[in-house]
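Colleague: predicted structure and sequence below. I'll ask about it afterward.
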Amino acid sequence: EKIIQEGNWPEPETKTLVYLGTGFQLERCPYHYDVKRYLPNHGGGLMAAVPVSLLEIVPFNFLKKIADISGVNEVAKLRHTHLLSARGLSYIHTALTTEKKEASSLIEEGIPHQETFALYSKILGRCLQNFTSDNGFDQALYIGGTFATAIAPHLDHQALRESFAVPHHITRTSYEEIPIFVLDEPYAGNLGAAYGLIEE
């Protein structure tokens with residue numbers, strides 16, 4: 001695990017896996033006291049519309065550019081996958097610079113594209129805050145998936161934490177207590193399935 005935000009819930013009520021890959025998905029895993037383990041509950045996010053609070057991070061016309069670049073053409077049709085997947089990083093870069101580059105090239109080249117990574121981090125933070133907001137503060141977030149491990153070294157942790165906590169908001173300190181980790185394992189799902197089989 002790579003720590004983005006240490007938080008203050010060593011044994012949270014819920015652990016939420018946020019999957020970043022070719023798409024975007026999340027899986028909430030509440031703790032079940034009868035079997036003494038976290039078990040998956042339900043997923044979400046793949047087809048969820050982007051939160052309105054994202055307009056505090058980027059202007060509407062920036063989202064319109066991404067809608068046009070992605071081919072959906074309307075901001076109302078944007079989904080998290082258009083912003084947070086590997087292609088989402090590429091769309092964000094094109095909207096910022098007009099330059100078309102694959103996510104793999106941006107990651108390989110690194111530092112020259114720091115503005116793109118910083119904006120991606122802010123957008124990720126705000127989207128995570130939106131999904132966290134309907135599940136209480138007693139939780140921890142684990143960002144995993146093939147793309148998560150690739151982009152992890154380039155995430156701007158400070159920018160992500162700031163947009164996640166929502167500066168100057170009354171709930172800021174509560175969001176700062178939610179742990180956020182990146183799973184440094186591209187095939188964490190396979191490992192989890194193997195662990196489950198062994199435990200059975």
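Modeller: Happy to help now that I have it.
Colleague: centre-most residue in this structure?
Modeller: In the chain, the centroid-proximal residue (CA atoms, centre = their mean) is residue 124; its distance is 4.5 Å.
Colleague: quick check: that one touching residue 85?
Modeller: No - Residue 124 is not in contact with residue 85 according to CB atoms under 8 Å; the separation is 11.0 Å. From N, CA and C alone the C-beta is placed, and that goes for glycine too.
Colleague: now do the helices in this structure.
Modeller: For the chain, the helices defined by DSSP state H cover 60-70, 81-84, 86-97, 103-109, 114-132, 146-151, 157-165, 172-176, 188-199.
Colleague: where in the chain is pLDDT low?
Modeller: Within the chain, the stretches with pLDDT under 70 are 42-46, 200.
Colleague: in it, where's the longest strand?
Modeller: Under DSSP state E, the strand in the chain containing the largest number of residues is strand 24-32.
Colleague: how about that one: buried residues?
Modeller: Neighbour counts using 16 or more other CB atoms under 10 Å place 24-30 of strand 24-32 among the buried residues.
Colleague: with stretch 96-107 instead?
Modeller: Neighbour count says stretch 96-107 has 96, 101, 103, 106-107 buried, by 16+ other CB under 10 Å.
Colleague: what's it in contact with?
Modeller: 86-87, 89-90, 93-94, 113, 115-117, 119, 147, 150-151, 154 (CB atoms under 8 Å, 6 or more residues apart in numbering).
Colleague: return the member of these nearest to residue 14.
Modeller: Nearest to residue 14 among the contacts of stretch 96-107: residue 147, at 23.2 Å, using CB to CB.
Colleague: neighbours of that closest one, how many?
Modeller: Applying other CB atoms under 10 Å, we find 25 residues neighbouring residue 147.
Colleague: isn't it right up against residue 21?
Modeller: Yes - proximity of residue 147 to residue 21 meets the contact threshold set by CB under 8 Å, at 4.9 Å.
Colleague: with that, I have no additional questions.
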